[in-house]
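Colleague: A predicted structure for the sequence below; I have some questions about it.
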Amino acid sequence: MTDTSATASTARHVSILGATGSVGRQTIDLIARDPERYPVEALTANGNIDQLAEDAIRLRARFAVTADPARYLELKQRLSGTGIAVGAGPDALIEAAERPAGWVMAAIVGSAGLAPTLAAVRRGALVALANKECLVCAGDLFTAEVQRHGARLLPADSEHNAIAQILEPDRIDAVERVVLTASGGPFRSMPLDEMRRVTPEQAVAHPNWSMGAKISVDSATMMNKGLELIEAHHLFPVGIDRLDILVHPQSIVHGLVYYADGSVLAHLGAPDMRTPIAWTLAWPDRRHAPSDRLDLARIGTLSFEAPDDRRFPCLALARDALKCGDGAATILNAANEVAVAAFLSRRIGFLDIAGIVADTLDGEARRAPTSIDEVIALDQAARRRATDLVAAR
Ligand SMILES: NC(=O)C1=CN([C@@H]2O[C@H](COP(=O)(O)OP(=O)(O)OC[C@H]3O[C@@H](n4cnc5c(N)ncnc54)[C@H](OP(=O)(O)O)[C@@H]3O)[C@@H](O)[C@H]2O)C=CC1
Ligand SMILES: CC(=O)[C@@H](O)[C@H](O)COP(=O)(O)O
Ligand SMILES: [Mn+2]
């Protein structure tokens, strides 16, 4: 690595895994404003070949990859004569992550991001982590790889980014509580019976953030906050009992740390992912970002309430999975990915998502995975069971 202490005068070579998604595009928005500082090594996508090719050319990337082998020729054609190398499929995704960029944005959605993110970790890169699912599904085995290879995870998920900014690493013993805020999503105050009938269009209409479909549904079920609880457990070693969730509909306060002397440090910012992404890009410095500025006088009121586990059972499922250990989080995440995809394609109802996750957890034989290969095997077994449960609904 060449740039772990990049300063105002040094360039930081970057790669973006999941460059065409919501986080990927906002990362590109930042780096495209300062191309001299952020030369682009590799960009990856899945099906959005037009966007990938356009950005690869505009940012002079060296390598562009689609996860879908069937789209290889299309991408190659789009980039012919540009000098940009082209790849497709799982091995090419890993090659993109292995290329020598000091900073890598992990923004593929779902556990599909695990192998390429690990490839970046294994060469000791600075990894801006948006893809929470890879940390949830591989847990301690993932963080052990980070330690072993001297990599550094820079949390890009807004709440974890907030906590990373306010948690004093030498004062962990004096931390009473770490609190992640949750917007409550589009159905925060909807009666349970009405939730039964909500459509994918309603579920992806997040009140504060513009995000990909999968995480938007997770916010609507509040599984997103459950996944984030597990993510926080792996990023911030304060112990499960000191991690809490607080509903805050405005998404202005992103995280809080309660200290033993009664002090509470909070992180505030407009709901604009370019702020946490900019923090990871500039780390350990801080740099100007074009994000929305917070105008508290205009906002006027911030409100808070306790989460409702009865209407949002995914919260309890995730907390239980975290407490159980033994691969439960891997199963929870895999089943949730299958159930959310089924809901988005209208094969199950909104409330079935939690049901599929609960039934998959009940039915899957659990043995704590002892290697990444075992994580992948458990993830696939849980997907098969969840897929059968979807078909049976
Ligand atoms: N959006 C947000 O504000 C936030 C997102 N996150 C997390 O960041 C991650 C990305 O979220 P978001 O940007 O919203 O998601 P999007 O759905 O908008 O983007 C996902 C990206 O992953 C690519 N992709 C999809 N499937 C695969 C696959 N099987 N293999 C390789 N690449 C694939 C997509 O390519 P293509 O477009 O070509 O299909 C796209 O580039 C998620 O883990 C999410 O939880 C965390 C905090 C905030
Ligand atoms: C922007 C971000 O970090 C998302 O994870 C966001 O937190 C989703 O909103 P919810 O609080 O509704 O889950
Ligand atoms: Mn978040």
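Modeller: Sure thing, it's come through. Ligands and ions are numbered 1, 2, ... in the order given.

Colleague: Phi and psi next, for the residue in the chain that ligand 1 sits nearest to.
Modeller: Closest to ligand 1 within the chain is residue 21: 1.9 Å, counting by CB to the nearest ligand atom. Just so you know, the C-beta spots here come from the backbone N, C-alpha and C atoms, and that holds for glycine as well. Dihedral pair for residue 21: phi -90, psi -170, per degrees, to the nearest 10.

Colleague: Let me see the contact set for it.
Modeller: 107-109, 212 (CB atoms under 8 Å, 6 or more residues apart in numbering).

Colleague: can you rerun that using 6 Å?
Modeller: Going by CB atoms under 6 Å, 6 or more residues apart in numbering, residue 21 touches 107, 212.

Colleague: how about the residues of this protein near ligand 3?
Modeller: Near ligand 3, the residues belonging to the chain are 157-159 when assessed by CB under 5 Å from the ion.

Colleague: a markdown table please, covering those residues and showing distance to ligand 2, neighbour count and pLDDT.
Modeller: A markdown table is the format used below for those (distance: CB to the nearest ligand atom, whole Å; neighbours: other CB atoms under 10 Å; pLDDT from 0 to 100):
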| residue | distance to ligand 2 | neighbour count | pLDDT |
| --- | --- | --- | --- |
| 157 | 5 | 27 | 99 |
| 158 | 3 | 23 | 98 |
| 159 | 6 | 28 | 98 |
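
Colleague: Which residues of the stretch 201-350 of the chain lie near ligand 1?
Modeller: Counting by CB under 6 Å from any ligand atom, the stretch 201-350 of the chain comes close to ligand 1 at 209, 211-212, 214-215, 273.

Colleague: Show the average pLDDT along the longest helix along the chain.
Modeller: What stands out as the longest helix in the chain, according to DSSP state H, is helix 372-392. Mean pLDDT, helix 372-392: 97.

Colleague: how far out from the middle of the chain is that helix?
Modeller: 20 Å (CA atoms, centre = their mean, to the nearest Å).

Colleague: With distance to residue 102 and secondary structure added, can I get the residues of the chain next to ligand 3 in CSV?
Modeller: Shown next, in CSV, are those (distance: CB to CB, whole Å; DSSP: H, G, I helix; E, B strand; the rest coil):
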residue, distance to residue 102, secondary structure
157, 21, coil
158, 23, helix
159, 25, helix
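
Colleague: closest to residue 366 among these?
Modeller: residue 157 (26.4 Å; CB to CB).

Colleague: gap between that closest one and residue 224?
Modeller: 9 Å (CB to CB, to the nearest Å).

Colleague: can you map out the helices along the stretch 1-150 of the chain?
Modeller: All helices of the stretch 1-150 of the chain, identified by DSSP state H, counting those that start in this stretch, fall at 22-31, 49-58, 72-78, 90-98, 114-122, 132-148.

Colleague: Next, format these as a markdown table and append mean pLDDT and mean neighbour count.
Modeller: Formatted as a markdown table, the helices of the stretch 1-150 of the chain follow (pLDDT from 0 to 100; neighbours: other CB atoms under 10 Å):
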| stretch | mean pLDDT | mean neighbour count |
| --- | --- | --- |
| helix 22-31 | 98 | 22 |
| helix 49-58 | 98 | 19 |
| helix 72-78 | 98 | 16 |
| helix 90-98 | 98 | 21 |
| helix 114-122 | 98 | 24 |
| helix 132-148 | 97 | 21 |
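
Colleague: and the ones you listed as a markdown table, adding distance to residue 254?
Modeller: Shown next, in a markdown table, are the helices of the stretch 1-150 of the chain (distance: least, CB to CB, whole Å):
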| stretch | distance to residue 254 |
| --- | --- |
| helix 22-31 | 15 |
| helix 49-58 | 28 |
| helix 72-78 | 36 |
| helix 90-98 | 28 |
| helix 114-122 | 22 |
| helix 132-148 | 14 |
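
Colleague: Of all those, which one comes closest to residue 290?
Modeller: Closest to residue 290 of the helices of the stretch 1-150 of the chain is helix 22-31 (CB to CB; 7.8 Å).

Colleague: From the chain's centroid, how far away is that closest one?
Modeller: Relative to its chain's centre, helix 22-31 lies at 14 Å (CA atoms, centre = their mean).

Colleague: now stretch 293-311
Modeller: With CA atoms, centre = their mean, you get 22 Å for stretch 293-311.

Colleague: Show me what counts as buried in it.
Modeller: Buried residues in stretch 293-311, counted by 16 or more other CB atoms under 10 Å: 307, 311.

Colleague: from what I can see, residue 153 looks like it's in a strand, true?
Modeller: Yes: judged by DSSP: H, G, I helix; E, B strand; the rest coil, residue 153 forms part of a strand.

Colleague: Tell me how far the closest residue to it other than its chain neighbours lies from residue 23.
Modeller: For residue 153, ignoring the flanking residues on the chain, the nearest one in space by CB to CB, 6 or more residues apart in numbering is residue 129 at 5.1 Å. Here residue 129 is placed at a distance of 10 Å from residue 23 (CB to CB).

Colleague: Check residue 321 too.
Modeller: Distance of residue 321 to residue 23, given as CB to CB: 24 Å.

Colleague: now do residue 374
Modeller: In this view, residue 374 and residue 23 are 28 Å apart by CB to CB.

Colleague: one step back: make JSON lines out of the residues of the stretch 201-350 of the chain next to ligand 1 and add pLDDT, secondary structure and neighbour count.
Modeller: Supplementary listing: these in JSON lines, determined by pLDDT from 0 to 100; DSSP: H, G, I helix; E, B strand; the rest coil; neighbours: other CB atoms under 10 Å:
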{"residue": "209", "pLDDT": "97", "secondary structure": "coil", "neighbour count": "16"}
{"residue": "211", "pLDDT": "98", "secondary structure": "coil", "neighbour count": "19"}
{"residue": "212", "pLDDT": "98", "secondary structure": "coil", "neighbour count": "17"}
{"residue": "214", "pLDDT": "98", "secondary structure": "helix", "neighbour count": "19"}
{"residue": "215", "pLDDT": "98", "secondary structure": "helix", "neighbour count": "25"}
{"residue": "273", "pLDDT": "98", "secondary structure": "coil", "neighbour count": "24"}
